[in-house]
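A.B. asks: Give me the fold of what follows.
(2 chains)
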Amino acid sequence: MAARDYNFAEIEKKWQEFWEANRTFRVEEDSSFPKEKRRYVLDMFPYPSGAGLHVGHPEGYTATDVYCRYLRMNGYNVLHPMGFDSFGLPAENYAIKTGTHPEITTKENISRFTEQIKSLGFSYDWDREISTHTPQYYRWTQWIFLQLFKKGLAYEANTPINWCPDCLTGLANEEVKDGACERCGTPVERRNIRQWILKITEYAEELLNDIESLDWSDAIKAMQRNWIGRSEGANVKFALESGQGEIEVYTTRPDTLFGATYMVLAPEHELVEKITAPEQKDAVEGYIRAASLKSDLERTELSKDKTGVFTGAYAVNPVNGEKIPVWISDYILVSYGTGAIMAVPAHDQRDWEFAKKFGLSIIEVLQGGNIEEEAFTGDGTHVNSGFLDGMNKPDAISAMIKWLEEKNLGRKSINYKLRDWVFSRQRYWGEPIPLVHCEKCGIVPVPESELPLTLPEVQSYEPSGTGESPLANIDSWVNTTCPSCGGPGKRETNTMPQWAGSCWYYLRYTDPLNENEFVSKEKMEYWMPVDLYVGGAEHAVLHLLYARFWHKVLFDLGLVNTVEPFQRLVNQGMITSFAYQRRNKSLVAVDAVDEVEPDVFVEKATGEKLERVIAKMSKSLKNVINPDDIIRDYGADSMRMYEMFMGPLQVSKPWSTSGLAGVSRFLNRVWTVAMKEITDEEPDENLVKLLHKTIKKVSNDTRGLEFNTAISQMMIFINEAMKHEKCYRKVWEIFVLLIAPYAPHIGEEMWQVLGKTETLAYEKWPEWIEELTKDDEIEIVAQINGKVRAKEMVPADISREEMEKLFLELPRIKEFTEGKTIVKVIAVPGKLVNIVVK
RNA sequence: GCCCAGGUGGUGGAACUGGUAGACACAAGGGACUUAAAAUCCCUUGCACCCUGUGUGCGUGCGGGUUCAAGUCCCGCCCUGGGCACCA
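C.D. replies: Numbering: from 1, shown residues only, chains lettered A, B, ... in the order given. Here you go, the predicted model:
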């Protein structure tokens, strides 16, 4: 074949068409692969937004693609699917604005995404593509919901929830960040709305314990642990002085019970009304009203200053019979523990602040701090504590729990910060919740045979904003017959949150077309669990916690074979961009910046010197990189390789177009070598050795997802191969296979240039010969007192003794040892000789 | 405040279980080719100093420590990013 230029556009189009036409990457449940030769490698599927793919998407997708191609060449049967998380607010909001049905927008966006994803040459099995908004898919989302419902894990409640006034829908706890809606940033309000709620708290203990068994980053594991927030303590009952009952509190410090000098109830606590003394009634009611108007943000962040009101009631401390006042304050949350606390101001900073402000007494029961200045929360010796005196903290905690249990005044108790999952949304574009409200029978599930319960057509997508979804206005849809008694019934009009579809999509990929079951047991068991899951860290507690919860429920129902869905999780880092910052820390758009000399940047308009910093890509800074442009100008292979070369997969790193150009130059050099005269002559030994080192490094690094260093090694190899006039078939056939997972289009093309007629996707991965990765001669350094003073090439197999002898006699070393005493000589074969002199 | 990452040249980043810090690339400078430029190829490039050489000193956020030897291990700080935040 005559030499030609590297025409990536032509090559990439050719091979993408080839893979598609030949369904090269279609995968089947072939039983001839033993379990250990199967791998399920999954990308977090995207929400098909109108903005199209951004450079962050290809990073994770390329990483898994390289890995999957490597696995296939190593004889694995690999499940590697892609699909779309296609229910969601943007399409619905667009529908409200334009009247276009969300389904139409969603379809368009999906086809744009598909085209973009395919233009990167990923080896997905497209026959398994799924979209969560299709009735064929959400039929089974609804089915799984019904299984949860039947198991008693879904309940209806009228409780105050987080309401986003901009999205006009309720939100789960996990969707609120710093008191604002995670999606749009609007501060959330508290609102009483009828909700469907999933009892995720029932699985708190399992969700927490099983984290340990997962191969996930410590960061994500810690986030999930913190979110679940388990604490151990005791519930203690305090009798009311009036004899009208008791207040139960939760405390992690039962050992400090002798120091409890007052109690606090959450303003919403049910006892408040009952116990408030007539003379305090006005004050208490005023406080409750004020507290109810505060947003979560105001109740926490903005008001660290303690507020509260005395109820006029007193309780009796069960350990010493002391009469203590009962207050209410909004620093106590009704939703945690029992919504009431015993306050121990000497040993809890919040109680201490409250006591100082309202002049309540502070009694030290544990020595070791200075309670005049702040609460002491450390360990120490108990004092003023009757039978606990002299004990340390852990002993006193157990002793007190034992005492309380014996006297029937309290018991050991465990609490979680995790709250149940608010599961309904008052919007249109989601899975309808398949339940019917019947006056006679109550809440009745839609029979499974009638699923999917499809979304009706509506005139207006506008949410009512009153807590009812647009579905509530479609009488013909809402009014139905009760599946149980046949009488009149009304359909549930809430829809499911966006997270529902992604809670089980990884299961559906194993059997995407099944019309009889959500998945067949055999196919599911063939692949599960997911061996490697790659995606952004932004789903640390949302999707990843919800999916684990559903999976555990499915496990308990005998529907899946593993306790956890995602065995190994890797979070790719964000791709950021350079930005330019003024002295006052404000940022300047890139097109308003001049580089006047190397690394000196000024703002065009003002001439102010700017500092180059790293920032998230944003439209306003004009530093957003569009993958389509990159593929057009440099090709998909360059894009793929550059994203893998930038740095470790897990860390965030800034995009640099000149860095990309460097990788592109590398691929051009690869092509140059491929176009040299191919010879069957024996390559020289050095090239062969370098090749074997390269096989070893690329194999190990690809397996360990350390793609950046694998690529460096390939660059080293090419720099050497360029020096040779001819292309040695023996080494080149191997190198082409090594680079193919990274740059598959050029890989296939070069394979064809070598005269091959089949795709290399299933060629056997090259093996290295250990012997050939070792050099005959190695450089050894001589150190004097730890400082490098000489370097010498020596045979690789030189003995320790020979090394010592050789270096001690080196003239250069003698300069340093002359007239000194040699205290010690340390020789490390293959590394160095260190001579300690005095 | 608590939890989790992480601080290495002008830049992105390498460095196996403690053993030559700075691989590979970008940027920069110099050279070759060219009428010229682009492209390509070659060379130099951590900082400082001098007696310019197998030269000396310094150098992986800061201060200590262990060790023949520390980017790597230990103790105490500082800073950056992410998460949580009145959870009793």
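A.B. asks: Could I get the full set of strands for the stretch 651-800 of chain A?
C.D. replies: Taking DSSP state E, counting those that start in this stretch, the strands of the stretch 651-800 of chain A run over residues A:653-655, A:678-679, A:727-728, A:777-784, A:787-795.
A.B. asks: Would you format the ones you listed as TSV with mean pLDDT and distance to A:Leu806 included?
C.D. replies: No exception for glycine: its C-beta is placed from N, CA and C like everyone else's. Shown next, in TSV, are the strands of the stretch 651-800 of chain A (pLDDT from 0 to 100; distance: least, Cβ to Cβ, whole Å):
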stretch	mean pLDDT	distance to A:Leu806
strand A:653-655	92	44
strand A:678-679	92	41
strand A:727-728	94	36
strand A:777-784	86	8
strand A:787-795	84	7
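A.B. asks: and A:Glu770, what does it touch?
C.D. replies: A:Lys696 (Cβ atoms under 8 Å, 6 or more residues apart in numbering).
A.B. asks: how does it look with 6 Å?
C.D. replies: Contact partners of A:Glu770, counting by Cβ atoms under 6 Å, 6 or more residues apart in numbering, are absent.
A.B. asks: Among the strands of the stretch 651-800 of chain A, show me which one is buried the most.
C.D. replies: Ranked by average neighbour count under the criterion mean count of other Cβ atoms under 10 Å, the strands of the stretch 651-800 of chain A are headed by strand A:727-728 at a mean of 22.
A.B. asks: strand partners of that strand, parallel vs antiparallel please.
C.D. replies: strand A:678-679 (parallel) (DSSP bridges).
A.B. asks: What is the burial count for A:Asn626?
C.D. replies: By the criterion of other Cβ atoms under 10 Å, A:Asn626 has 14 neighbours.
A.B. asks: cool, A:Met722 as well?
C.D. replies: One way to gauge burial is a neighbour count; for A:Met722, by other Cβ under 10 Å, it gives 12.
A.B. asks: Leaving out chain neighbours, which residue sits closest to it?
C.D. replies: The shortest distance from A:Met722 to any residue other than its chain neighbours is 5.9 Å, reached at A:Arg669 (Cβ to Cβ, 6 or more residues apart in numbering).
A.B. asks: what does A:Lys814 give?
C.D. replies: By the measure of Cβ to Cβ, 6+ apart, the closest residue to A:Lys814 outside its immediate chain neighbours is A:Leu808, 7.9 Å from it.
A.B. asks: Please tell me how far the residue nearest to A:Met722 sits from A:Ile718.
C.D. replies: If you measure A:Arg669 against A:Ile718 using Cβ to Cβ, to the nearest Å, the figure is 5 Å.
A.B. asks: So between these two, which is more surrounded?
C.D. replies: Looking at A:Arg669 and A:Ile718 with other Cβ under 10 Å, you find the greater number of neighbours at A:Ile718, namely 18 against 15.
A.B. asks: Settle this for me: A:Phe816 is touching A:Ala782, isn't it.
C.D. replies: No: judged on Cβ atoms under 6 Å, A:Phe816 makes no contact with A:Ala782 at a distance of 9.1 Å.
A.B. asks: mind listing what A:Arg425 touches?
C.D. replies: A:Arg425 neighbours (Cβ under 6 Å, 6+ apart): A:169, A:495, A:497.
A.B. asks: Can you get me a residue count around A:Phe258?
C.D. replies: Other residues within reach of A:Phe258, judged by other Cβ under 10 Å, total 26.
A.B. asks: Sorry, wrong one. I was asking about A:Gly487.
C.D. replies: Using other Cβ under 10 Å, A:Gly487 has 11 other residues around it.
A.B. asks: quick one on the thing from earlier: what pLDDT is listed against the residue nearest to A:Met722?
C.D. replies: Reading off the per-residue confidence, A:Arg669 sits at a pLDDT of 95.
A.B. asks: roughly how far apart are it and A:Gly755?
C.D. replies: Taken as Cβ to Cβ, the spacing of A:Arg669 relative to A:Gly755 amounts to 22 Å.
A.B. asks: List the residues that contact A:Ile197.
C.D. replies: Listed by Cβ under 6 Å, 6+ apart, the contact partners of A:Ile197 are A:155, A:157, A:420, A:422-423.
A.B. asks: do you know how far the closest residue to A:Arg194 other than its chain neighbours is from RNA strand B?
C.D. replies: Nearest residue to A:Arg194 in three dimensions, chain neighbours excluded: A:Asn158, at 5.2 Å (Cβ to Cβ, 6+ apart). If you measure A:Asn158 against RNA strand B using Cβ to the nearest atom of the strand, to the nearest Å, the figure is 21 Å.
A.B. asks: and A:Asn158, what element?
C.D. replies: Assigned by DSSP states H and E, A:Asn158 belongs to strand A:154-164.
A.B. asks: Where do the helices of the stretch 251-400 of chain A begin and end?
C.D. replies: Across the stretch 251-400 of chain A, reading from the start of the chain, the helices by DSSP state H, counting those that start in this stretch fall at A:271-275, A:281-293, A:296-299, A:349-358, A:393-406.
A.B. asks: To A:Asp637, which of these lies closest?
C.D. replies: The closest of the helices of the stretch 251-400 of chain A to A:Asp637 is helix A:296-299. By Cβ to Cβ, the value is 48.4 Å.
A.B. asks: Ignoring the adjacent residues along the chain, who's closest to A:Ile275?
C.D. replies: Closest residue to A:Ile275 in three dimensions, ignoring its sequence neighbours and counting by Cβ to Cβ, 6+ apart: A:Ala313, at 4.0 Å.
A.B. asks: So that neighbour is in contact with A:Val326, correct?
C.D. replies: Yes: counting by Cβ under 6 Å, a contact exists between A:Ala313 and A:Val326, whose distance comes to 4.6 Å.
A.B. asks: Show me which of the two is the more surrounded one.
C.D. replies: It is A:Val326, of A:Ala313 and A:Val326, that has more neighbours when counted by other Cβ under 10 Å, with 25 against 22.
A.B. asks: Show me what the more buried one is bridged to.
C.D. replies: Beta-bridge partners recorded for A:Val326 (DSSP bridges): A:Met263.
A.B. asks: Contacts only, for whatever residue of the stretch 351-500 of chain A ends up closest to RNA strand B.
C.D. replies: Using Cβ to the nearest atom of the strand, the closest approach of the stretch 351-500 of chain A to RNA strand B is made by A:Lys417 at 3.6 Å. When the contact criterion is Cβ under 6 Å, 6+ apart, the partners of A:Lys417 are A:Gly229.
A.B. asks: And the helices in the stretch 451-600 of chain A, which stretches?
C.D. replies: Per DSSP H, counting those that start in this stretch, the stretch 451-600 of chain A has helices spanning A:475-478, A:499-502, A:505-508, A:521-527, A:543-556. These are given in chain order.
A.B. asks: so can I have a markdown table of the ones you listed showing mean neighbour count, distance to A:Met574 and mean pLDDT?
C.D. replies: Shown next, in a markdown table, are the helices of the stretch 451-600 of chain A (neighbours: other Cβ atoms under 10 Å; distance: least, Cβ to Cβ, whole Å; pLDDT from 0 to 100):
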| stretch | mean neighbour count | distance to A:Met574 | mean pLDDT |
| --- | --- | --- | --- |
| helix A:475-478 | 13 | 42 | 90 |
| helix A:499-502 | 24 | 20 | 95 |
| helix A:505-508 | 24 | 23 | 98 |
| helix A:521-527 | 18 | 30 | 96 |
| helix A:543-556 | 22 | 17 | 96 |
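A.B. asks: Which one, of the ones you listed, ends up nearest to RNA strand B?
C.D. replies: Closest among the helices of the stretch 451-600 of chain A, using Cβ to the nearest atom of the strand: helix A:543-556, at 11.6 Å.
A.B. asks: What lies in contact with that closest one?
C.D. replies: Identification of contacts with helix A:543-556 by Cβ under 6 Å, 6+ apart yields A:148, A:200, A:203, A:206-207, A:499, A:502-504, A:560, A:563, A:565.
A.B. asks: got the residues you listed as TSV, with distance to A:Cys181 columns?
C.D. replies: Written out in TSV, the entries for the contacts of helix A:543-556 read as follows (distance: Cβ to Cβ, whole Å):
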residue	distance to A:Cys181
A:Leu148	26
A:Ile200	20
A:Tyr203	26
A:Glu206	30
A:Leu207	25
A:Trp499	15
A:Ser502	19
A:Cys503	21
A:Trp504	25
A:Val560	33
A:Val563	33
A:Pro565	27
